[in-house]
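Novice: Here you go, sequence then predicted model.
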Protein chains: 2
Amino acid sequence: MRIAVDAMGGDNAPQAIVEGVMLAKQDFPEIEFQLYGKEDAIRPFLTDETNITIIHTEEKINSDDEPVKAIRRKKQASMVLAAQAVKNGEADAIFSAGNTGALLAAGLFIIGRIKNIERPGLMSTLPVLGKEGGFDFMDLGANAENRPEHLAQYGVLGSFYAAQVRGVKNPRVGLLNNGTEASKGSELTKKAYELLSAEDLNFVGNVEARDLLNGVADVVVTDGFTGNAVLKSIEGTALGMMSLLKGAILDEGLKGKMGALLLKDALRGLKNQMDYSQHGGAVLFGLKAPVIKTHGATGPEAVRYTIRQIHTMLATDVVGQLVRHFEQSPEKS
Amino acid sequence: MRIAVDAMGGDNAPQAIVEGVMLAKQDFPEIEFQLYGKEDAIRPFLTDETNITIIHTEEKINSDDEPVKAIRRKKQASMVLAAQAVKNGEADAIFSAGNTGALLAAGLFIIGRIKNIERPGLMSTLPVLGKEGGFDFMDLGANAENRPEHLAQYGVLGSFYAAQVRGVKNPRVGLLNNGTEASKGSELTKKAYELLSAEDLNFVGNVEARDLLNGVADVVVTDGFTGNAVLKSIEGTALGMMSLLKGAILDEGLKGKMGALLLKDALRGLKNQMDYSQHGGAVLFGLKAPVIKTHGATGPEAVRYTIRQIHTMLATDVVGQLVRHFEQSPEKS
């Protein structure tokens, strides 16, 4: 297993990235890491150089670079070189905490789509509150628009992922809709409902956004515009409530401090439940190799979780299985 | 001011509805209420009969009735009679906590659209966390699909509402999108961006779902599918976190009880902030009269807030102003 790491991507790069890789090495000493980036910036954080190769480059893609232009013009950028390594068969997967749009572009244009997959999508495992596990949600915004056929393919991709990577038996696949009845929805979701029903999936029908965090399904598919809005709504609400609670506790003075002390574990539990980085990063799914993105503000622990996720994806060969599945399933459109 | 009240709509009808009307009478003794429903079920909750008329009917629409069919077949239903009263000029506004779809159908087919408004939408005032006020968000799901022209009209409707009913000066109107840059979005939002820019509005451009509860705009417009999903995501996340916190506190035993006691005010403040019923109900906006819906599980206090909202809508003649505005603005399509 060889993972190409964009060591320069993200707000805390390369420190957080390299420290995370060092943590992951303890879990998986057999993984070979290729660190792409500035050698003198990376080297200080190496605590163990076995199975580590640094591929030095001065160039990197910034968070405000225009994605497609950046990929085309910055040929020596750490992210571009890492993607090239996957394309050339020198690495098995790529990991970056950098510019999401640029990583999507690098995935599509350099690594390429699985045959018969029309529109790769972005997928994350989000938490189910009060329970172990989570649900796989896609597309989170790789596409601004989707056709019904894409949503049916997301059902297959998500189902393979939940089964192989998360070990969910016979994953329940739901379609995000504006009501649970089969007749509900837009033209897009009505048609997607039909296509999903015809797939060899444990399709449980329409699910509503209100029930996502309750674990109404193991996989939930939607178009990229809606998925992006729903993900950001969940994050915005959770962050807003946590900061409101913090503010209200501070306003209570000593009483608040004592109360917060007594409820320390309960409050920490709430925060941990909402933090889904333990499930790893977002997968740009539908490409010929695992392409994984974590938050720009990621810390070493989240990098470690993401490497564990990539390790499972490679160990189960989930992408290889998908390649074989879609080879036999001609494009429906 | 004459308000037609569907006394039989909602889980707690007629008790919660009639008790709420009794509370509202203390605030606004001048309002004439017409209560549509079963007289012997309504009468026990009347504590003051001045300015109250009961229009007896045996029939009512249930929460699981198919909306359009119910409106057409149950001609004597309390909701249908109340809508007829508005159409016939016997009442100035209608209020119901019943079947949302049926109220939409009654609004569209009985009361009718404002001239040149193509697609009335559902609008609620949602909270801005940690601050007074809120933001007006539409369409929350009256339509499964919208065209760009509809979103531009929602900008005008919402801006009038924020200014007239909530007293916001020069309301900031935002377009929900998958990024803040002007170039972002789907075909729908890109075109809606252009149209909103051309309207005589304080259009602040694209806003993201993550920032809604931070008060990024006073009015936010989106299509009915996305609006429905975002509203339900916010509600689901807030409810999920509250119940998780409650569970975590209970798990802590005596320590949790003491902590919760010390933080009672802070926790109540959090709950109150998320409860947006103080702003009233959802407006089916774009119709010739105020048509207002509250949650089925509504209690008397929420009914009181909703009557206050309707009172302000009638006192400011916001719908009359919109009728005149759109008469002069030919349909753009």
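Specialist: All right, it came through fine.
Novice: Next, the contact list for the residue nearest the centre of chain A, please.
Specialist: What sits nearest the mean C-alpha location of chain A, by C-alpha atoms, centre = their mean, is residue A:282, with 0.7 Å. Shown in contact with residue A:282 (C-beta atoms under 8 Å, 6 or more residues apart in numbering or on different chains): A:122, A:123, A:124, A:140, A:292, A:293, A:294. Just so you know, the C-beta spots here come from the backbone N, C-alpha and C atoms, and that holds for glycine as well.
Novice: cutoff 10 Å now
Specialist: Going by C-beta atoms under 10 Å, 6 or more residues apart in numbering or on different chains, residue A:282 touches A:100, A:103, A:121-125, A:137-138, A:140-142, A:231, A:291-295, A:306.
Novice: among those, which ones are buried?
Specialist: A:100, A:103, A:121-125, A:137-138, A:140-142, A:231, A:291-294, A:306 (16 or more other C-beta atoms under 10 Å in any protein chain shown).
Novice: could you pick out which of these are near chain B?
Specialist: With the criterion set as C-beta under 10 Å from any C-beta of the partner chain, the members of the buried ones among the contacts of residue A:282 near chain B are A:140, A:141, A:231.
Novice: Near chain B, which residues of the stretch 51-200 of chain A are found?
Specialist: Proximity of the stretch 51-200 of chain A to chain B, by C-beta under 10 Å from any C-beta, involves residues A:66, A:101, A:127-130, A:140-141, A:143-146, A:176-179, A:183-190.
Novice: Mark which of these are buried, thanks.
Specialist: Buried among those (16+ other C-beta under 10 Å): A:101, A:127-129, A:140-141, A:143-144, A:146, A:176-178, A:184-186, A:188-190.
Novice: Show me what residue A:54 bridges to in the sheet.
Specialist: residue A:35 (DSSP bridges).
Novice: Could I get the full set of helices for the stretch 1-150 of chain A?
Specialist: A:15-27, A:39-42, A:67-73, A:78-87, A:100-106, A:148-164 (DSSP state H, counting those that start in this stretch).
Novice: what sits against residue A:174?
Specialist: Here residue A:174 is in contact with A:135, A:137, A:155, A:158, A:180, A:196, A:202-208, A:211-212, A:216-222 (C-beta under 10 Å, 6+ apart).
Novice: Just these: which are in strands?
Specialist: A:135, A:137, A:202, A:203, A:204, A:205, A:206, A:207, A:219, A:220, A:221 (DSSP state E).
Novice: Show me which residues of stretch A:250-267 are buried.
Specialist: So, applying 16+ other C-beta under 10 Å, buried residues of stretch A:250-267: A:252, A:255, A:256, A:259, A:260, A:262, A:263, A:266, A:267.
Novice: Mind checking the pLDDT average for stretch A:146-155?
Specialist: Regarding stretch A:146-155, the rounded mean pLDDT is 98.
Novice: got the domain boundaries for chain A?
Specialist: Per the TED database, the structural domains of chain A span A:1-117+A:286-332, A:148-276.
Novice: Output the ones you listed in TSV, with distance to residue B:31 appended to each entry.
Specialist: Formatted as TSV, these follow (distance: least, C-beta to C-beta, whole Å):
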stretch	distance to residue B:31
domain A:1-117+A:286-332	52
domain A:148-276	34
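Novice: so which of these comes closest to residue B:172?
Specialist: In terms of C-beta to C-beta, the element of the domains of chain A nearest to residue B:172 is domain A:148-276, at 17.5 Å.
Novice: Leaving out the residues flanking it, which one is nearest to residue A:290?
Specialist: Once flanking residues are discounted, residue A:290 sits nearest to residue A:93: 3.9 Å by C-beta to C-beta, 6 or more residues apart in numbering or on different chains.
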